[in-house]
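J.: Generate a structure from the sequence data that follows.
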Amino acid sequence: MSSNELNNLVKSGVLKAEPADQKEFDGLLNSGRTRLADAKKSNLALESQFDLAYNAAHALSLAAMRWHGYRPEKRYIVFQSLTHTLGLGPEVWRVLDKAHGIRNSVEYEGALEVNKQMVVDLLKAAETVQAAVEKLGPVRTTKSGRKQ
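T.: Purely as a prediction, here's the structure:
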């Protein structure tokens, strides 16, 4: 994980440094796990599965960022920073970035661009993020609130 890259994002105003908090991390991890489990229920509408999977991936990605002691200024940056927070490659964050675009189209324009393959890809990406976040372990901070 590259804290230099994350610090550069702080300097550019995309992230802000904020002490990591175990309770917040645990809450985000639990939210991600619960939503991802629900997103896998095949009796749900495709749009519901997408919404649950997207929000699970976001909660899990945000948990990773918070574990490192950063908070994003924009939602999408948690996905684009996965290389630095969890060591995940573009095959994961590009799916999540695309899902973010679809989410925005649905939320702000009423467009329905959700298809089965996107939900399958999103579920796989979210599972990958979950597995990586679960390997992080407990939050450990210094007096400044930064990761040790």
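J.: Now residue 89: closest residue in space that isn't a chain neighbour?
T.: residue 83 (6.7 Å; Cβ to Cβ, 6 or more residues apart in numbering). For every residue, glycine as well, the C-beta is placed using N, CA and C.
J.: What lies in contact with stretch 62-73?
T.: 1, 3, 6, 9-10, 13-21, 24-25, 28-29, 32, 78, 81-82, 85-86, 129, 132-133, 136, 139, 141, 145-147 (Cβ atoms under 8 Å, 6 or more residues apart in numbering).
J.: out of those, which are inside strands?
T.: 15, 16, 17 (DSSP state E).
J.: how close does the first one get to residue 37?
T.: Going from residue 15 to residue 37 by Cβ to Cβ, to the nearest Å gives 29 Å.
J.: between those two, who's got more neighbours?
T.: residue 15 (24 against 12; other Cβ atoms under 10 Å).
J.: so what's the more buried one up against?
T.: Here residue 15 is in contact with 6, 9, 65, 70, 71, 72, 73, 77, 81 (Cβ under 8 Å, 6+ apart).
J.: Tabulate the residues you listed in a markdown table, adding columns for neighbour count, pLDDT and distance to residue 109.
T.: A markdown table is the format used below for these (neighbours: other Cβ atoms under 10 Å; pLDDT from 0 to 100; distance: Cβ to Cβ, whole Å):
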| residue | neighbour count | pLDDT | distance to residue 109 |
| --- | --- | --- | --- |
| 6 | 20 | 91 | 32 |
| 9 | 20 | 90 | 28 |
| 65 | 26 | 97 | 27 |
| 70 | 27 | 96 | 30 |
| 71 | 17 | 96 | 27 |
| 72 | 19 | 97 | 23 |
| 73 | 12 | 94 | 23 |
| 77 | 18 | 95 | 22 |
| 81 | 25 | 95 | 26 |
